[in-house]
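Chemist: Got a predicted structure here, sequence first:
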Amino acid sequence: MSGTGAGMPAQTGSRRLMWDALPPAVRKQFELLVGQRVVTAVSQPGGFSEGLAVRARLSDGSGVFVKAAHAPTSPAAASHHRQEIAISQRLPIDAPVPRLLHVHDDGEWVALVFEEIPGNLPAQPWQRDDLDRVLAAISDLVNALTPAPIDASLPALPRLGGWADLTQPVARERIRALSGWAADHLDDLVALESGADVAGSTLLHGDLYPFNLLLTPDRVVVIDWPHAWIGAPFCDLVTLLSSARLSGVDPQPIVESHPLTRGAGREQIDGLLALHSGFLLRSAVSAGPDADPNIVAMMTALGLASVQWLADRWPPTK
């Protein structure tokens, strides 16, 4: 570890739906789906869905994790849930992911019921033992998902790139207010992302941050799969390491020694960092007044962490 960063910003969207706010008919439909009465339902931290995200305790004493979204009022969340259903139904049984137990989609409400994972989000800032566990688990995840167990046409396009949309004067000044280095190197960032090579055959999570990890006494479980895509095996690792900078972690020694990145060329890592930061910062600076402020804050922090790592690696060696 290097330094004493505070870790990630607030890790939950500000527009979570509570169980008691669901229409009674919807709660009843869920109970019919699982075959039990819900005794308690506790909203969970982590993630940014506008919908429901609860641990539900059932009348037989068992527990499940439930996600749900109302398509007419939260179309993006409902679309993500439908994409997650398609991905989760195809993940192999030996992958370190929660099992999808039940699905409901009546065109209005979309719900997923997963097995309950008796774990917690990693503490922030990162503790080195936890980070080491996760770094090892990413290798296991890649092994389980290479080659990708799904058809290449199923995942959505990866959420990567955006610097080319930030070259106009107004956008450039917004970027300058966040990072003078990025504003001064905008042409370099556009070139990096346009030439980036992240092709591969691994099913990637696409959003691998601490709020999508659960640590149990003996496992690291990766949750929330709507943004999965197929690409190079090192991509999720680099994404996680970029976010770990917020905890004062120097990612460079790790990326130089980890099995998933030892064989990657410098230009591949730089290209991914450009793609990753471009998507995040374009999204953050273009967010309108109705955007969830927690999402904007998270995207800004994560985007800047990637840019700062890239700046540390600059100029590229020949």
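Modeler: On my side now, so go ahead.

Chemist: So residue 173 versus residue 290, what's the distance?
Modeler: 23 Å (C-beta to C-beta, to the nearest Å). All C-beta atoms are positioned from the backbone trio N, CA, C, and that covers glycine.

Chemist: And these two? Which one has more around it.
Modeler: residue 173 (11 against 5; other C-beta atoms under 10 Å).

Chemist: so who does the more buried one touch?
Modeler: residue 183 (C-beta atoms under 8 Å, 6 or more residues apart in numbering).

Chemist: For it, what is the enclosing helix or strand?
Modeler: helix 169-178 (DSSP states H and E).

Chemist: Okay, buried residues for the following helix or strand past that helix please.
Modeler: Downstream of helix 169-178, the next assigned helix or strand under DSSP H and E is helix 180-184. Buried residues in helix 180-184, counted by 16 or more other C-beta atoms under 10 Å: 181-183.

Chemist: So which residues of the stretch 151-300 of the chain form strands?
Modeler: Secondary structure of the stretch 151-300 of the chain (DSSP state E, counting those that start in this stretch): strands located at 202-204, 213-215, 220-222, 229-231.

Chemist: And for whatever helix or strand residue 66 lives in, what's in contact with it?
Modeler: Taking DSSP H and E as the criterion, residue 66 maps to strand 63-70. Residues from elsewhere that reach strand 63-70 (C-beta under 8 Å, 6+ apart): 17, 22, 26, 30, 34, 41, 44, 49-58, 77-78, 80-81, 84, 98, 101, 104, 108-117.

Chemist: what do you get if the cut-off is 6 Å, keeping everything else the same?
Modeler: 51-57, 77-78, 81, 109-114, 116 (C-beta atoms under 6 Å, 6 or more residues apart in numbering).

Chemist: Show only the entries of the residues you listed found in helices.
Modeler: Judged by DSSP state H, the subset of the contacts of strand 63-70 located in helices is 77-78, 81.

Chemist: Can I get those in a markdown table including neighbour count, pLDDT and distance to residue 263?
Modeler: Shown next, in a markdown table, are these (neighbours: other C-beta atoms under 10 Å; pLDDT from 0 to 100; distance: C-beta to C-beta, whole Å):
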| residue | neighbour count | pLDDT | distance to residue 263 |
| --- | --- | --- | --- |
| 77 | 24 | 91 | 38 |
| 78 | 24 | 95 | 40 |
| 81 | 24 | 95 | 36 |
